[in-house]
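>>> Have a look at this fold, sequence not included:
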């Protein structure tokens, strides 16, 4: 019998700042929402509620904010409950994150490094052991030239 699979990968922008809560047992849970653009010409997006637990949630709360891009890997989880006011059955599907990759740099610049960090003068000098490839040709590789 085949195993079941429940896996989702989303890439988009946070629609709000992450909200941090704690459970009665002391576990940290962080909730945020992600807007994922559709691949259509009419500029529509899908919106997903995401939950990240414990250390992952703490990192999300620390480094992400509204408008920042991230890639979320996780699983879908469906909640069902009775609405106390109306008595109707309600349900909600959310993503429980297992991994979050921060795609914007610290300044939201799309890079992975901070442009405000001062660089040491020695960082800008070229090391003598650096290899620089001047020209790469498009000739096919001769397998007899490979030493192994």
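Sure, I can see it. What you see is a predicted model; the values in this text were computed from it and never measured. Numbering: from 1, shown residues only.

>>> So, low pLDDT: which residues of this protein?
Judged against pLDDT under 70, the low-scoring parts of the chain cover residues 106-139, 141, 148.

>>> same thing but 90
Applying pLDDT under 90 to the chain flags residues 1-3, 38-44, 83-84, 87, 104-148.

>>> Where do the helices of it begin and end?
Read by DSSP state H, the chain holds these helices, from start to end of the chain: 54-63, 121-124.

>>> Dump these to TSV, plus distance to residue 42 and mean neighbour count.
Any C-beta I mention is one placed from the backbone N, CA and C, and that applies to glycine too. Supplementary listing: these in TSV, determined by distance: least, CB to CB, whole Å; neighbours: other CB atoms under 10 Å:
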stretch	distance to residue 42	mean neighbour count
helix 54-63	30	16
helix 121-124	46	7
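
>>> export those helices to CSV and tack on distance to residue 2?
Shown next, in CSV, are the helices of the chain (distance: least, CB to CB, whole Å):
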stretch, distance to residue 2
helix 54-63, 29
helix 121-124, 53
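
>>> Of those helices, give the one that comes closest to residue 14.
Judged by CB to CB, the one of the helices of the chain that comes nearest to residue 14 is helix 54-63, at 9.1 Å.

>>> Now do that closest one: which elements does it pack against?
For helix 54-63, the packing partners by 3 or more CB pairs under 8 Å, 6 or more residues apart in numbering; DSSP states H and E come out as strand 19-22, strand 28-37, strand 89-102.
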